[in-house]
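# model the following, please.
(2 chains)
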Amino acid sequence: MSVMKLNVIDLEKSEYTGGKSSLCPGCGHDQISKIIIQAAWENGISPEGIAKMSGIGCSSKTPAYFLGKSHGFNTVHGRMPSVTTGASMANKSLSFIAVSGDGDTASIGIGQFIHAIRRNLDMVYIIENNGVYGLTKGQYSATVEKGSKKKKGTMNEQPPIDLCAMAINLGCSFVARSFSGSKKQLTALIRAAMGHRGMAVIDVISPCVTFANNDESYKSYNYVKENDEVLHMLDYIPHFTPIEEVDIPEGEYDDIQMFDGSTLRLETVGDDHDPSDAVSALSAIHHAEKENKHVTGLLYYDDSMQTADEELGLTETPLSALSEAELRPSEAELASINAAFRGA
Amino acid sequence: MEKQETMERICNDFTINIATANGTGSQSANLIVLNSMFQMGVPVSGKNLFPSNISGLPTWFIIRASDRGYQAPGDKAHIQVLMNKDTWQKDLAGLESGTVVIYNEDVKLPVDRDDCPSFGMPMTKMARGINPKLARLMCNMYYVGALAHLLDIDDAAISNALERQFKGKEKAIELNLRAIGEGRTYAEENWEGGIPYCVEARDKNPDAFLVEGNEAVALGSIFGGINMLSWYPITPSSSLAESIIEWLPKLREGDDGGATCAVIQAEDELAAAGMVIGAGWAGGRGMTCTSGPGISLMSEFIGLAYFAEVPGVIWDVNRVGPSTGLPTRTQQGDLSMLYEASHGDTQHIVLIPGTVDECFEYGWRAFDYAERFQTIVFGFSDLDLGMNRWSTAGFQYPDSPMDRGKVLRTQDELDAVANYGRYRDVDGDGIPYRTLPGSGLDPVLYRGTGHDEDGVYSEDPDVYYATVSRLRRKIDGARDLLPAPVVREEEEQQIGVIYYGSVENSITEIDDMLESTGLSVSTCRVRALPYHSEVEGFIERHDKVIVLEINRDGQLYGILRKELPVDLLPRLHSVAYTDGIPPRARVYADKILEVLEVTA
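Okay, here's the model as predicted:
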């Protein structure tokens, strides 16, 4: 009998799994669910401290398929950020892992996406981006590239909304793009995002095997594999692993410190990319788009921004855990309010 | 000038209409008149009829003095103050003969009503003498002085009201006091003859003060332990949110000096509702306030909260719809929308305060009901109650501890519930138990899609029907736990009038008008939906029952017709009317009399 492998808080990986997926076999989203499970387990986060959030769509169904020991909320279409905002205000000690889709985020939910970024809500926001509405049978979404064509129907003629470029322009504190087929890169990014304090947006290209996995679709497996412009190789070094014990890469690299003490190591593969430089991140996105390519990696990172709960100066105890004595002012205080109104 | 000895004196029974332009500072002057009379113990009410505009459009302030306690705007003005050139002619033309007119001579428009005693004063010019830059604002203080002279308002009461209005702003108090004094002196020295109307001091309840309904709700919610306020600005609810923001730092600081309530100005009403639901899901007390258009936008989330069983509080300060409608006017047009907001079969708890005391009380109780029944609870106010000032003898401290509902916080508590499931009706009252995110106790994925008693996705027909049947039972079970109606019953039990909310301010006068025709009228003020069983009892005991409300279609009437036993329906008649103005007693009494005549 083999000994089950345990993580740093002595839990088996099975403590992080969820129900059986009802998505199409081969769906990119199921790969991402597996990586979320892997990342949470490897990071040694207690499942009960996680809250899973989603909107509506194929991607938003996935919280049922991972982290079964965590509470979750599959909300309404495009409005997951606001529910997460309220929940985060009531209990800021929760670690929010949210999953949304390109329809859920770039169309119906674009307003809430923008405003959650503006507030720097402390959450991981994963967009499972396939360029089509799967659950309603394959209509184009707003992230589909100009010139891309899904399996059935005509070529898309409208320019796409690039959610990463938008997030960077809005001052999002952590912006990355990845591919559901890039297990190593995506695992490192999700692990780093979990260690980040603030809004971490990861736009993950996740092919729709049913409606847009043909070669003319810029978000198909084959197309992304051939047109992936990797910014850097990523290694994630958790806070509980002494960094001295990690092999030093042969080439050039940069280390980024996350809020929880862990490190995201960026190994240079081509041109050096500085994730603290928004203009260079936008430039990389722009050049890739011009050549119909996908740039992946950590695009932008800024650890200096205060989060929504910091800005509001919330008390240390999560608000949902405050006692009646802390929540209801005293009878004497009401008496003095009445007296003040009376002009006494 | 001495008042004519022979003139009949009419004390504490008149209406003043003050016509000004929005944004000219007249609200301060109007409130000083209102408050000074209130300080003298005169039963008085004030209504601000303002436009949807920041500056320039016409606004009217109506002050009613009534020893009988009538608070509805009177049927006519006894004293008309004219300051606004844009409405001058129309205001004048509409006056009954004998109405006293006070006007600003510097507007340079004629007062061609020989049948109305008229008093002019160069108000703008006099104000310029004090401070040319502030003349536009300060000229209003001259009509305060003029009214003080004509009505015999105490100097001390004026000073008191002025100090309340400009709390601590010494310069403003000094300048405005001077303007009021000059106005009074000018009137004394230049105006011939008096007027019949006067104020007479009464024994004032030393505990009484005036406060807006919105501020009362704000304070109530703070004493109710609000943890999160999300809001999007909309008249007439903005001042409710702003009042919470103003009071929070004084009342709700944590041990470490941090905030115990998060306030978020949302990007829209959809987001505001989502935040309320998120907060309630995570175990906090979340609330938003809005008006009808906001409720429309929140409706999708309201359905989710109903079906997923998440507590939350939403206050609707009703204004005139549909759409933008008359955004600064009052109505009870949202009641049926609130009761059944969202798609599919839904039903929501609605608390309906009729006084500022109830605004405070329901402010805190709403959270208890929301957590007890794990659902959205609406507070239903309106512009008249919310943005005008009403008398209270002081807010009452909550008489019961917070009810956090069926929340299981520990493994022991969870183990004590036999056969726990998130949506299982263990106690037979339709209300399941719940655990909170972060607790690790029996986690489920909340969702708007069908789910079974354990919270697991299901599209099974029997499961769906059982779920929605239990939800109906749950809300229905709230009926007699919600505030009971306030019933004033005559022995004869001839005519019953059912009403709600701000109609409370007009009902005494309507009742007196009806009884003056020889009718015996009982009243029943509904204070919550689903309605209390005592409402049905009231209807059973009366031969004929009028449902009186400020909307076009008779919305409560419709709800009663749907839910009452069929044999009671022939007794029920609707009187519903709305034109944006708070209910004038005469208009509504006449409509009741018409219906009684037609159905006699």
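# so what's the spatially closest residue to B:G74 that is not a sequence neighbour up against?
Closest residue to B:G74 apart from its sequence neighbours, by C-beta to C-beta, 6 or more residues apart in numbering or on different chains: B:T15 at 3.4 Å. (C-beta placed from N, C-alpha, C; glycine too.) B:T15 sits next to B:I62, B:I63, B:R64, B:A65, B:P73, B:G74, B:K76, B:A77, B:H78, B:I79 when contact means C-beta atoms under 8 Å, 6 or more residues apart in numbering or on different chains.
# run a quick neighbour tally on the fourth one.
This means B:A65. By other C-beta atoms under 10 Å in any protein chain shown, the residues close to B:A65 number 27.
# ok so it is a strand residue?
Yes - B:A65: assigned to a strand according to DSSP: H, G, I helix; E, B strand; the rest coil.
# looks like it contacts B:V42 (just checking).
Yes - counting by C-beta atoms under 8 Å, B:A65 touches B:V42, with 5.2 Å between them.
# hang on, the earlier thing: and the contacts of B:T15, which of them are buried?
Neighbour counting by 16 or more other C-beta atoms under 10 Å in any protein chain shown classes B:I62, B:I63, B:R64, B:A65, B:P73, B:G74, B:A77, B:H78, B:I79 among those as buried.
# which one of those sits closest to B:R372?
B:P73 (38.6 Å; C-beta to C-beta).
# pLDDT below threshold where in chain A?
A:1-3, A:344 (pLDDT under 70).
# same thing but at 90, please
A:1-4, A:243-244, A:269-272, A:343-344 (pLDDT under 90).
# in it, what residue spans correspond to strands?
Ranges of strands in chain A, per DSSP state E, are A:50-54, A:71-74, A:95-101, A:123-129, A:132-133, A:139-140, A:174-179, A:199-205, A:228-230, A:232-237, A:253-257, A:263-268, A:294-301.
# now do the third one against strand A:50-54, angle only.
If I follow you right, that is strand A:95-101. Strand A:95-101 and strand A:50-54 are oriented at 20 degrees to each other (axes from the mean of the first three to the mean of the last three C-alpha atoms, to 10 degrees).
# identify the farthest-apart pair in the buried ones among the contacts of B:T15.
Going by C-beta to C-beta, the pair spanning the buried ones among the contacts of B:T15 furthest: B:P73 and B:I79, at 13.5 Å.
# which pLDDT value belongs to the residue nearest to B:G74?
Model confidence at B:T15, expressed as pLDDT, equals 97.
# redo the contacts of B:T15 as a markdown table? Include distance to A:V269.
Listed next are these as a markdown table, based on distance: C-beta to C-beta, whole Å:
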| residue | distance to A:V269 |
| --- | --- |
| B:I62 | 76 |
| B:I63 | 78 |
| B:R64 | 80 |
| B:A65 | 83 |
| B:P73 | 76 |
| B:G74 | 82 |
| B:K76 | 85 |
| B:A77 | 82 |
| B:H78 | 86 |
| B:I79 | 84 |
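# so which of the strands of chain A gets nearest chain B?
Ranking the strands of chain A by proximity to chain B (C-beta to the nearest C-beta) places strand A:71-74 first, at 3.6 Å.
# may I ask which of the contacts of B:T15 comes out lowest in pLDDT?
Ranking the contacts of B:T15 by pLDDT, B:G74 lands last with 84.
# check the gap between that one and chain A for me.
Taking C-beta to the nearest C-beta, to the nearest Å as the measure, B:G74 falls 27 Å from chain A.
# do B:G580 as well
Taking C-beta to the nearest C-beta, one finds B:G580 at 29 Å from chain A.
# no further questions, thank you.
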